[in-house]
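>>> okay, sequence plus prediction incoming.
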Amino acid sequence: MIGGYVAPLTGKKALALVDGEHYPDVVREALRLLPCQVVGALLVGGTEKLRGAPNFGVPLVSGNLAHAVAACGAEVLVDLSDEPVVGGRERMQYAAYAMACGIGYAGADFYFAPPRPAVFDVPAISIAGTGKRIGKTAVSGHTARLLADRWKIVIVAMGRGGPAEPVVMTTSPDLTRLLELSRSGRHAASDYIEDAVFAKVPTVGARRCGGGFAATPFTSNIEGFLPRTTGEEEDTRTSITPNLTWSRTNERCG
């Protein structure tokens, strides 16, 4: 019997997190039951209880997690450790490290999937913040203004009050336009409007609902926004052919 998160592991190359608290034969048996190809193990603690070099049945890799993942070509990280070596705080760190490496992180009753960013035909930069009200809009606008002399920038803002369909704003709205939007029942302080006002570059507004540990939204209408943008606010997508895309949303980390 193994834990419930089996499907994300099936057929993948896995790096296992192991510790010296578990007897090596217990770990070997667990590795044998996994529905994946275990290509290496990273010993994360509890070495004081080991007698000599442990035999986990797979090659032991050394170094930090990023080095270990690269060394064995792992596609998923499988946690076979436990407290007191690895507890909740350490697991949140491993989740962040694994997703930064672009791989999943699985344990007996959890699975973290790495974010899959939308692919653009032009270079893209993302502004990430670890919480709310920490200045993402200010940093976004300032950085966009600095680069606007060299690049044709478009800011993509995905907010919880964004429009039902992606909307283009090619000019910075003045107070009269903002009042018109507000009085028509629209969200006149939506992220893409704020960015247009303060950064003074074209923006695209979109919406999202929910957010996971890696800031992946539960739903969003941003996928494929360039071919689907409506131009409701200003103009159609033909007016925003950028050579640098700037994305901003509410990010978080564990």
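Received, thanks.
>>> list the buried ones in stretch 185-196?
186-188, 190-196 (16 or more other C-beta atoms under 10 Å). For the C-beta atoms, the positions are set from N, CA and C on the backbone; glycine is no exception.
>>> which stretches of the stretch 1-150 of the chain form strands?
13-18, 37-43, 60-61, 76-79, 104-106, 111-112, 124-127 (DSSP state E, counting those that start in this stretch).
>>> so how far is Leu50 from Arg145?
57 Å (C-beta to C-beta, to the nearest Å).
>>> and Ser140, by the same measure?
50 Å.
>>> those two - which one has more neighbours?
Ser140 (25 against 14; other C-beta atoms under 10 Å).
>>> from Gly52, how far off is the residue nearest the centre of the chain?
In the chain, the C-alpha nearest the mean C-alpha coordinate belongs to Pro115, at 3.9 Å (C-alpha atoms, centre = their mean). Remark: distance between Pro115 and Gly52 (C-beta to C-beta) = 41 Å.
>>> Arg183 now?
77 Å.
>>> more crowded one of these two?
Arg183 (9 against 5).
>>> residues contacting the more buried one?
With C-beta atoms under 8 Å, 6 or more residues apart in numbering as the criterion, no residue contacts Arg183.
>>> okay, now the unreliable bits of the protein?
By pLDDT under 70, the low-scoring segments of the chain are 1-5, 118-120, 224-254.
>>> please repeat the previous calculation with a cut-off of 50.
Along the chain, segments meeting pLDDT under 50 span 1, 227-239, 250-254.
>>> what ranges do the helices span in it?
In the chain, the helices defined using DSSP state H lie at 24-33, 65-72, 88-100, 136-147, 175-183, 191-199, 225-228.
>>> measure the closest residue to Gly40 other than its chain neighbours to Ala66 for me?
Using C-beta to C-beta, 6 or more residues apart in numbering and skipping residues adjacent in sequence, the residue nearest Gly40 is Cys72, 3.8 Å away. Relative to Ala66, Cys72 is positioned 12 Å away (C-beta to C-beta).
>>> please apply the same query to Gly141.
For Gly141, the distance to Ala66 - C-beta to C-beta - is 32 Å.
>>> next: Arg28.
26 Å.
>>> more neighbours, the two?
Neighbour totals were compared for Arg28 and Ala66, and Arg28 leads with 17 against 12 (other C-beta under 10 Å).
>>> the more buried one contacts Ala41, correct?
No: the pair Arg28 / Ala41 is not scored as a contact, 9.9 Å apart, by C-beta atoms under 8 Å.
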